[in-house]
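Enquirer: Prediction below, plus the sequence it came from.
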Amino acid sequence: MLEISNLRAGYGAINVLWDVSLDFAEGKLTTIVGPNGAGKSTLLKAIMGLVPSSQGSITLRGASLAQQRTWDMSEQGVVLVPEGRMVFRDMSVEENLTMGAFPKSRRAAAARNIERAYELFPKLKERRKQLAGSLSGGEAQMVAMARGLMAEPRLLLIDEPSLGLAPVIVHEIFHILGKLKQQGVTIVLVEQNTHMALGVADRVYMMRSGRVVLDKPAAEIDVAKLHDLYFALEA
Ligand SMILES: Nc1ncnc2c1ncn2[C@@H]1O[C@H](COP(=O)(O)OP(=O)(O)OP(=O)(O)O)[C@@H](O)[C@H]1O
């Protein structure tokens, strides 16, 4: 569905991604793991056009995203749920969800999509009038995900949803990712929690220092060996 080929990208004079090639198959969940600073978030930003590329290509169903503007990506069915949640703190849960319905083509469906989001995240329905700034970390992550779903993504890019959350909430979030995959959403999950990520992933990439150092079907990965590789690479 999304193909990245020989991509170089970075911030001004600082190059971060070095000739990375990845392939995200339709209907599958692909996880990207790797140590801090590997370039995982930069890759997601480059896909969204938030970080400029200096070489290589990004194609969505065969069409180049090079000239695509970030704010048009959701019209193409591509949504990023960024690291750090970034909810609108002074807005209610429901107002946050409504903000996710900004693509013109999705506005008419906003009320229906809010109900669908509440089915997926019943806790948010209970708290729909609460200011997002007063939510727990787990609830805020759910708002960030539900807001992203308001644009009806076919491709969901999600950056470290488990960061700083208690294990029980992490299980809930991953359960919902599994449900979204069943519904046919293609998912790219950047995660430090390799154990949880492998539980839901079809394919695994590991990045380090801006390069892809491992690319395997999840079924072929031994978690203990992956951890050895992860920490060996850290040394
Ligand atoms: N706005 C920026 N300007 C300059 N350099 C940046 C910027 N954002 C990130 N970087 C650098 O890019 C490199 C990759 O960072 P990135 O956030 O993509 O890594 P990551 O794999 O997502 O790490 P983490 O797991 O810690 O989020 C790091 O060296 C980081 O310092």
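Expert: The structure has been received and is ready for your questions.
Enquirer: For this structure, what lies in contact range of the ligand?
Expert: Residues of the chain lying near the ligand by Cβ under 6 Å from any ligand atom: 11, 14, 16, 34, 36-42, 192. From N, CA and C alone the C-beta is placed, and that goes for glycine too.
Enquirer: Which members of the residues you listed are positioned in strands?
Expert: 11, 14, 16 (DSSP state E).
Enquirer: How about the contacts made by the closest residue to the first one other than its chain neighbours?
Expert: Counting by Cβ to Cβ, 6 or more residues apart in numbering, Y11 lies nearest to V51, which is 6.7 Å off, once chain neighbours are set aside. In this structure, V51 makes contact with 9-11, 16, 42, 45, judged by Cβ atoms under 8 Å, 6 or more residues apart in numbering.
Enquirer: Got a ChimeraX select line for the buried ones in these?
Expert: Here is the ChimeraX command that selects only those of the contacts of V51 that count as buried (16 or more other Cβ atoms under 10 Å):
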select :9,10,16,42,45
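Enquirer: domains of this protein?
Expert: When the chain is parsed with the TED database, its domains come out as 2-77+153-231, 87-148.
Enquirer: can you put those in a markdown table and add mean pLDDT?
Expert: Formatted as a markdown table, the domains of the chain follow (pLDDT from 0 to 100):
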| stretch | mean pLDDT |
| --- | --- |
| domain 2-77+153-231 | 91 |
| domain 87-148 | 89 |
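Enquirer: which residues does the residue lying closest to T42 once chain neighbours are set aside contact?
Expert: The shortest distance from T42 to any non-neighbouring residue, by Cβ to Cβ, 6+ apart, is to V16 (4.6 Å). Taking Cβ under 8 Å, 6+ apart as the contact definition, V16 lies against 9-10, 39, 42, 51, 210.
Enquirer: between those, which is nearest the ligand?
Expert: T42 (3.3 Å; Cβ to the nearest ligand atom).
Enquirer: W18 is in contact with the closest one, correct?
Expert: No - using Cβ atoms under 8 Å, T42 makes no contact with W18, being 11.0 Å away.
Enquirer: hey, what's in contact with both of those two?
Expert: Contacts common to T42 and W18, judged by Cβ under 8 Å, 6+ apart, are G210.
Enquirer: is the residue most central in space within the chain in a bridge, and if so with what?
Expert: The residue lying closest to the centre of the chain (Cα atoms, centre = their mean) is I158, at 1.3 Å. Here I158 sits in beta bridges with V81, L189, going by DSSP bridges.
Enquirer: Quick check: the farthest pair among the residues of the chain next to the ligand?
Expert: I14 and Q192 (22.4 Å; Cβ to Cβ).
Enquirer: which of these two has more neighbours?
Expert: Q192 (16 against 6; other Cβ atoms under 10 Å).
Enquirer: any idea how far the lengthiest helix in the chain is from the chain center?
Expert: For the chain, the helix with the greatest residue count under DSSP state H is helix 167-182. Taking the mean of its C-alpha atoms, helix 167-182 sits 13 Å from the chain's own mean (Cα atoms, centre = their mean, to the nearest Å).
Enquirer: What residues of that helix count as buried?
Expert: 169-170, 172-174, 176-177, 180-181.
Enquirer: next one: stretch 108-120
Expert: In stretch 108-120, counting by 16+ other Cβ under 10 Å, buried: 113-114, 117-118.
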